[in-house]
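>>> kindly generate the corresponding structure for this input.
(2 chains)
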2 protein chains.
Amino acid sequence: MGSAYTDYPPSLDSAQQDFLVQKIKDWSAQNGLMIRPGHIPKDVDPNGVLATNAPVTVFPSPFPRSCFEQAQGLQTLYNKLYAEITCDVEWLSKIMADLIEVDDFVSRLWKVHQAVDKEGYAQTLSLGLYRSDYMPHTGPSGLSLKQIEFNTISSSFGGLSTRVAALHTELLNSPGYPSHPLLDSNKPPANTAVQTLAAGLAAGHTAYGPSKSTPALPKCILFVIQDGERNIFDQLAVSEQLERVHEIPVFRLLRSEILEHTSIPASNPARPLVYTPPYAKDAPYEVSTVYLRCFYAPTDYVSERDWEARTHLERSAAIKCPTVLNQLAGCKIVQQVLASTEPDHLKSFLSETDAAVIESLRDTFAPQYDLNGRGRELALNPATAANHVLKPQREGGGNNIYKTDIPDFLRSIPESEWKRWILMELITPPDAKNVALRSDGEVLSGNVISELGIYGTILWDQKTRGRILHNEEGGWLLRTKAKDVNEGGVATGFSSLDGIILF
Amino acid sequence: MGSAYTDYPPSLDSAQQDFLVQKIKDWSAQNGLMIRPGHIPKDVDPNGVLATNAPVTVFPSPFPRSCFEQAQGLQTLYNKLYAEITCDVEWLSKIMADLIEVDDFVSRLWKVHQAVDKEGYAQTLSLGLYRSDYMPHTGPSGLSLKQIEFNTISSSFGGLSTRVAALHTELLNSPGYPSHPLLDSNKPPANTAVQTLAAGLAAGHTAYGPSKSTPALPKCILFVIQDGERNIFDQLAVSEQLERVHEIPVFRLLRSEILEHTSIPASNPARPLVYTPPYAKDAPYEVSTVYLRCFYAPTDYVSERDWEARTHLERSAAIKCPTVLNQLAGCKIVQQVLASTEPDHLKSFLSETDAAVIESLRDTFAPQYDLNGRGRELALNPATAANHVLKPQREGGGNNIYKTDIPDFLRSIPESEWKRWILMELITPPDAKNVALRSDGEVLSGNVISELGIYGTILWDQKTRGRILHNEEGGWLLRTKAKDVNEGGVATGFSSLDGIILF
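Coordinates of the predicted model:
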């Protein structure tokens, strides 16, 4: 097992590296494994036509088969767990209470829920397109699977990841690809992320039922997106699948233009969300499903108008992917509460599930604490802090505090703010190396760590707790970054999309 | 008929144009309808990662169905005609004699043939990937199809054109696409250019038979390409099809590196062409088929070493696409000789073909002349010159002299050079308009003219005249340029790839 990582990847002479890098560049542009470049001055490309390859590894990284299969096997249960949590508003409100006090963003989201709840939700179906993120952890008893986070909003990279799997599969078959025992008769596992994500959205679209407008309008799915989105081709892979395979009209709407181009007729108590394309004013559509690829972070709410827009979507009859409640269920605090066993929330949420299966899911939790009691002790003592990471209680990467920086950091902020943070035991992934092509064409190689994401989708009725209309697992993401880089999303070039070789 | 052109395309308001242009930009990057940009300074993109959309029209252009079907119907006969011409080396040598005298490029090509002929050709199979180019001509009796040129080497844009057809088909189905009677229940005809071109190369690969090396080597197809090729994604569409569908290994080799990476073992009288990838020196391949995407113009021969490389390929056992002789058969002088009926070369080359079919092919010839007799009179008189274009006797676009510039131009060069030129009656295409997106993102609209290309492939035995192993028609190209632009290839942004709406 150790040797899979240490002897890998095979070394490259300069002719081999030139060939592989050129092949990846060309393949990427040929097959839409692209992003809009971030490193090009506006005056060089005033019309925004340029595209460049997404950052990718040259080799697929080895990943333990047992961990991969465990993650796949748990996904529909994880889907169900987060649906159940989202249905239990009382439980969620208790968990959130502390955070609402100190976190303005969470507080505002909760108020959106409260406002819509007061009026009464017009739509009880709720759609989740999730990605559960893991790392393999090297412990005394070998490798085990540990969850990093569970994403309930804007779970990205399914589109590009599907293409990376295809790229690596083709590279492995290409003449002159360097050989290694791990690569013989082995190829990346099938990656159905695009199909899975699109099928989830299509399930929502179908379940929405007939138009609630009079006269009836044609239905569509609406992708709500950020201005200047560079990761657009990831999103287009999913909408292309919806249009070509499911034959569902898909529109893209900027977050900043929601109120301008959508409306809810005041006279219609069913509250259909009507989208009128600015370029086809006489052809309005009724939105069956709103897919948010924005609104996950405070930076997406620049003014009150954005909160108004979010509330507007929430109160409409469109199925939200996700609802505000489902977004909040993705906060790290939920993960942390689930990890504690007194009381055993997991068991009560998954009461119909076999105990052994629940334990397999529980095994993926890394030890994690709030900053009371045990967590406080571990965080303030430099010796124990060295084995931990401090993460914001909210969803989303970034802003983590690592190891011995933790005690000083905590002392530098008011203790009333400590509720914003959770302490997680550091995961120790196996040593690994890889070579990566950045989106500016630079080639990097060295020590890396990889994070696995497994995609899943679920559609449920929030009113009739437990009524699940669609629950699927499918597709994966491997993101690999240089080992000394603590932060960084794929689109910024600090980390790369990767493939998988199971061992 | 006239109205199809004059009321078309539908007008766009700015919201419609913005939407369509953005959709085209995004679709292009998502689906490989790309070129490497020509307008980006090297220091902005030192690693050559950027790509941009190929120049395309926003609307597919109307094209007369009768002309389109005539062109499709004639393609396999045109394939056969140019195979027959290439087999009749005596005839070809007579036609070329004058040109060889005055044109150094043609003379050098002919010498390559002579040198290999003297040694004896190691391969008698010959492969053509052709594109016959036409315009619809508005004459007194309505629209007729007139041939512009017949390309026997490096016939390009099949890869991108297939994608343009897919783009326009999707646009036509997209909500909010402007309506027009021509577009109702109408879509671009199927475009199978990629499949056809790849199937032609695959036919060559198969017909090559077993390896001629001892021990036997695995076989491959070799694309020989130019340095700094910007139109690479057009080529990759064909190689991707060969690799994915036909499962044939394909390599790309720079023209400038032929002699470095290929060899013909002196000890092997069968003269197999062995390609050793620089990145896999212990895994040589035997080249079944050499596909030239270079060597069509004098600029591809910068030194004697390039002529040596061309000769090296020609004397090998690899099937050439095309051979030197087949390349020479594409010279305009051949077109001009075929157009004259005394003697009736067409009838003798196509002796087994029905007379009516031959006449349909002959109808596609525009009146054209060498600069003796009638041609001389027409060219020197400004009144008649105004209805003509002067073209080099060689294959390839560019360097044409138009209309009233002709008499002065001819007087400015020695009369001994006049043999280099042919005079063609100008074709008068119908008035048309379109909107085009350039590869730098600028949007142009106005009067346009379009040129249709029909692809065909043929594999024949040069030794056994008439033995045809493969003869297919399939796929098309429509290239559209601003009406006042006389010259320009698509890749430079002066003209655009277009779709077709038949009427």
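
>>> mind listing the strands for the stretch 401-503 of chain A?
A:401-402, A:421-425, A:433-437, A:443-461, A:468-482, A:495-498, A:500-502 (DSSP state E, counting those that start in this stretch).

>>> parallel or antiparallel, list what pairs with the third one.
Right, strand A:433-437. With DSSP bridges as the test, strand A:433-437 is paired with strand A:56-57 (antiparallel), strand A:443-461 (antiparallel).

>>> the next helix or strand after the first one - contacts with which helices or strands?
For strand A:56-57, the following helix or strand on the C-terminal side (DSSP states H and E) is strand A:61-63. Counting contacts by 3 or more Cβ pairs under 8 Å, 6 or more residues apart in numbering or on different chains; DSSP states H and E, strand A:61-63 is packed against strand A:443-461, strand A:468-482, strand A:500-502. In short, each C-beta sits where N, CA and C put it, glycine included.

>>> got a list of contacts for strand A:61-63?
Residues from elsewhere that reach strand A:61-63 (Cβ atoms under 8 Å, 6 or more residues apart in numbering or on different chains): A:4-5, A:8, A:136, A:182, A:432, A:434, A:448, A:450, A:452, A:478, A:480, A:498-503.

>>> where in chain A is pLDDT low?
Residues of chain A that meet the criterion pLDDT under 70 lie in A:1-6, A:395-398, A:484-494.

>>> so in it, which helix runs the longest?
Secondary structure assigned by DSSP state H gives helix A:65-87 as the longest helix of chain A.

>>> which positions in it come out as buried?
A:67-68, A:70-72, A:74-87 (16 or more other Cβ atoms under 10 Å in any protein chain shown).

>>> any idea how far A:Thr289 is from A:Phe251?
11 Å (Cβ to Cβ, to the nearest Å).

>>> looking at the stretch 351-500 of chain A, which residue is nearest chain B?
A:Gly441 (2.5 Å; Cβ to the nearest Cβ).

>>> residues contacting that residue?
A:Lys25, A:Thr52, A:Asn53, B:Asp45, B:Pro46, B:Asn47, B:Gly48, B:Val49.

>>> swap in 10 Å and give it another go.
A:Val21, A:Lys25, A:His39, A:Thr52, A:Asn53, B:Asp45, B:Pro46, B:Asn47, B:Gly48, B:Val49, B:Leu50 (Cβ atoms under 10 Å, 6 or more residues apart in numbering or on different chains).

>>> tell me the two of the residues you listed that are most distant?
Pairwise distances across those (Cβ to Cβ) peak at 17.2 Å, for the pair A:Val21 and A:His39.

>>> which of those two has more neighbours?
The neighbour count for A:Val21 versus A:His39, taken as other Cβ atoms under 10 Å in any protein chain shown, is higher for A:Val21 (20 against 14).

>>> count of neighbours near A:Gly158?
27.

>>> now it: closest residue in space, sequence neighbours ignored.
A:Ala193 (3.5 Å; Cβ to Cβ, 6 or more residues apart in numbering or on different chains).

>>> tell me the contacts of A:Leu328?
Counting by Cβ under 10 Å, 6+ apart, A:Leu328 has contacts A:85-86, A:89, A:92-93, A:95-96, A:99-100, A:106, A:109-110, A:112-113, A:152-153, A:322, A:334, A:394-395.

>>> do the same with A:Val250
By Cβ under 10 Å, 6+ apart, the contact set of A:Val250 is A:198, A:201, A:205, A:220-223, A:235-236, A:238-243, A:289, A:291, B:174-175.

>>> who does it bridge with?
A:Ile221.

>>> kindly report the same for A:Met135.
A:Lys146.

>>> flag every residue of the stretch 1-150 of chain A that's near chain B.
By the rule Cβ under 10 Å from any Cβ of the partner chain, the part of the stretch 1-150 of chain A lying against chain B is A:12-37, A:39-41, A:44-53.

>>> in strands, which of these fall?
Judged by DSSP state E, the subset of the residues of the stretch 1-150 of chain A next to chain B located in strands is A:Met34, A:Ile35, A:Thr52, A:Asn53.

>>> between the residues you listed, which is closest to A:Pro298?
Using Cβ to Cβ, A:Ile35 comes nearest to A:Pro298 of those, at 23.6 Å.

>>> do you know how far the closest one is from A:Thr169?
The gap separating A:Ile35 from A:Thr169 is 21 Å, by Cβ to Cβ.

>>> neighbour count: the two, which is higher?
A count of neighbours by other Cβ under 10 Å puts A:Ile35 above the other of A:Ile35 and A:Thr169, at 24 against 17.

>>> can you report how many residues neighbour A:Ala207?
17.

>>> may I have the phi/psi pair for it?
Here is the backbone geometry of A:Ala207 (degrees, to the nearest 10): phi -70, psi -20.

>>> what's the local residue count around A:Ile225?
Per other Cβ under 10 Å, the neighbour tally for A:Ile225 reads 21.

>>> ok, for it, nearest residue in space, not its chain neighbours?
Among residues not flanking A:Ile225 along the chain, A:Arg293 sits closest, at 5.0 Å (Cβ to Cβ, 6+ apart).

>>> so who does that neighbour touch?
A:129, A:153-156, A:223-226, A:229, A:231-232, A:234-235, A:238, A:252, A:255, A:321.

>>> quick one: it and chain B, what's the gap?
A:Arg293 sits 14 Å away from chain B, going by Cβ to the nearest Cβ, to the nearest Å.

>>> which of the contacts of A:Leu328 are buried?
A:85-86, A:92, A:95-96, A:99-100, A:106, A:109-110, A:112-113, A:152-153, A:322, A:334, A:394-395.

>>> those in helices, which ones?
Per DSSP H, these map to helices at A:85-86, A:92, A:95-96, A:99-100, A:106, A:109-110, A:112-113, A:334.

>>> before we move on, the earlier item: next, the residue of the stretch 351-500 of chain A closest to chain B: phi, psi?
Main-chain torsions, A:Gly441, degrees, to the nearest 10: phi 90, psi 0.
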